[in-house]
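# my questions are about this predicted structure, shown below with the sequence.
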Amino acid sequence: MTAPLNVGIIGTGIFARDDHLPAYQKHPEHFKVAAAFNRTRAKALDFAKIAGIPDSKVYDSLDAILGDKDIDFVDALLPVQFNVPTLQKAVAAGKPMIIEKPIAATMAQAREFVKIAEATDVPVAIAENWLQLKFVAEAKKHIQRIGRIVGFSYNFTGPNSKTGKYKTTSWRAHAEHVGGSLSDGGVHQIAVLTDLLGDCESVSAFTTNVDTEDTMPDAVFAVMKMKSGAVGNYTYGTRFGATKKSIYVKIYGAEGTVYLDLNNRDAPTITVNIGDCKENAKKEEVYTVQQENTYGVGDEMLNFYEAVSKKDKTLIRATPRVAFHHLACIDAFVKSSDNNGNNVKVETV
Ligand SMILES: NC(=O)c1ccc[n+]([C@@H]2O[C@H](COP(=O)([O-])OP(=O)(O)OC[C@H]3O[C@@H](n4cnc5c(N)ncnc54)[C@H](OP(=O)(O)O)[C@@H]3O)[C@@H](O)[C@H]2O)c1
């Protein structure tokens, strides 16, 4: 048996503690969380206690953790305006890195990120856990059965929360990332949509503010034209007044439909209707997908493990280039809305 890879955590905030650490701990044969660095050292020390990291491996600088020869790769969970400088240092140190989404705060930074990542053999992945979800792979099989894809409807809406754990993070309250919450959570939805249907070519959108004190928009109502020719609507917002959380994707084909109900996190369902018209409709099929409870985080770590242990960055699913497209769609929503809903081409890299 080969030894587990030693992981260094950069940014020991909420998601590092509540999601990444438990996901690593579920796979002790593959990972050992072995070092940490955080801007506020006290929080790194707290994290180290939970993770079983000795104080000697709690570092005071990015350079120091990147310079630790025992660390096989780093996992960075920072406000994303720091992603490019963190990548520059990791690549210079020859340290593989998985880093949290969105890829960057602006399109210029995202472009720079892709350029740096693609110019090195050091494996670099974006932690887009929704790309690893099992229902996506299952849905793709059925999408192939419904003929030419004509359109879709993608909805992710939910109520505002005044007490949610992410609410208090100052970098979200004073967001520098494109579209604020539209990209923070929205890149996951664009990841699913484009994984199912391919890349988006152009959008027409209006964003709005439920929270009128926020300088960033917090909801978007968009029409998207995919490169395949399919057209659909995309609705995203998590700060509405009281409402039931509603996450679904309906995909319309010339010979049927596929409907994904994602409201049950652990057991999403896929409903398939086959037939070119009502009269020829076959019996409805319903599939329930058992989703492992780290919601793709464990699988993204395992994907990165493979790339790092085999020294093969081509094995990475959530590449910077893929993640660039997700942010580019959100950027196009914002630009379209700023331009009175005019159609905007999605930037390519
Ligand atoms: N995939 C997902 O579903 C998901 C979910 C949640 C979050 N995330 C991502 O995870 C990352 C962290 O989010 P979070 O919710 O865990 O936020 P958080 O708790 O605020 O953690 C942010 C971390 O970054 C550090 N930091 C803040 N400003 C910094 C600066 N100027 N220089 C260096 N370090 C700085 C913070 O250090 P201090 O302790 O000193 O403040 C903290 O450790 C973000 O990229 C976010 O997009 C992903």
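Cool, the structure landed. Predicted model, so just to flag it, every value in this text is computed and none were measured. Residues are numbered from 1 along each chain as shown.

# look up how far Asn342 lies from the most centrally placed residue in the chain.
Geometric centre of the chain, nearest residue: Glu128, 3.0 Å, by CA atoms, centre = their mean. Between Glu128 and Asn342 the distance is 29 Å, computed by CB to CB, to the nearest Å. Every C-beta, even on glycine, is put in place using the N, C-alpha and C of the backbone.

# ditto for Lys26
47 Å.

# hmm, back to that, which residue packs closest to the residue nearest to the centre of the chain, ignoring adjacent ones?
Ala318 (4.2 Å; CB to CB, 6 or more residues apart in numbering).

# show me what contacts the one you found?
Remark: with contacts taken as CB atoms under 8 Å, 6 or more residues apart in numbering, Ala318 is in contact with 125-128, 131-132, 191, 300, 303.

# and what of Leu77?
Here Leu77 is in contact with 9-13, 15-16, 20, 99-100, 127 (CB under 8 Å, 6+ apart).

# format those residues as TSV; extra columns: neighbour count, distance to the ligand and pLDDT.
Below are the contacts of Leu77 laid out as TSV (neighbours: other CB atoms under 10 Å; distance: CB to the nearest ligand atom, whole Å; pLDDT from 0 to 100):
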residue	neighbour count	distance to the ligand	pLDDT
Ile9	28	9	98
Ile10	27	8	98
Gly11	26	4	98
Thr12	27	5	98
Gly13	20	2	97
Phe15	17	4	98
Ala16	24	6	98
His20	28	8	98
Ile99	28	8	98
Glu100	22	3	98
Ala127	23	6	98
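
# where helices are concerned, which of these count?
Per DSSP state H, helices hold the following members of the contacts of Leu77: Phe15.

# would you mind telling me which of Lys26 and Asn342 has the busier surroundings?
Using other CB atoms under 10 Å as the criterion, Lys26 and Asn342 rank with Lys26 on top: 16 against 13.

# test my guess that that one contacts Thr294.
Yes. Counting by CB atoms under 8 Å, Lys26 does reach Thr294; the two are 6.9 Å apart.

# so Phe15 touches Leu78, yeah?
No. Checked against CB under 8 Å, the pair Phe15 and Leu78 is beyond contact range at 10.4 Å.

# number of nearby residues for Gly241?
Gly241, neighbours per other CB under 10 Å, totals 7.

# can I assume it is in contact with Val210?
Yes. Gly241 is within contact range of Val210, at 7.5 Å (criterion: CB under 8 Å).

# find residues that contact each of those two.
Asn160.

# tell me the residues of the chain that contact the ligand?
11-16, 38-40, 43, 77-80, 82, 100-101, 127, 129, 166, 169, 171, 184 (CB under 6 Å from any ligand atom).

# among those, which lie within strands?
Secondary structure from DSSP state E places 100, 127 of those in strands.

# so where's the stretch 101-250 of the chain shaky on pLDDT?
Judged against pLDDT under 70, the stretch 101-250 of the chain has no low-scoring part.

# which parts of it are helices?
Here the stretch 101-250 of the chain has its helices, by DSSP state H, counting those that start in this stretch, at 107-118, 134-143, 170-173, 181-184, 186-197.

# helix 134-143 and the last one, what's the angle between them?
What it means is helix 186-197. 30 degrees (axes from the mean of the first three to the mean of the last three CA atoms, to 10 degrees).

# what helices or strands is helix 186-197 leaning on?
helix 134-143, strand 149-159, strand 200-208, strand 219-226, strand 231-240, strand 246-253, helix 320-338 (3 or more CB pairs under 8 Å, 6 or more residues apart in numbering; DSSP states H and E).

# using CSV, lay out the ones you listed together with mean neighbour count.
Compiled in CSV, the helices and strands packed on helix 186-197 are given as follows (neighbours: other CB atoms under 10 Å):
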stretch, mean neighbour count
helix 134-143, 18
strand 149-159, 18
strand 200-208, 20
strand 219-226, 20
strand 231-240, 19
strand 246-253, 20
helix 320-338, 23
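
# now for Phe15 and Leu78: what residues contact both?
Shared contacts of Phe15 and Leu78, defined by CB under 8 Å, 6+ apart, are found at Glu100.
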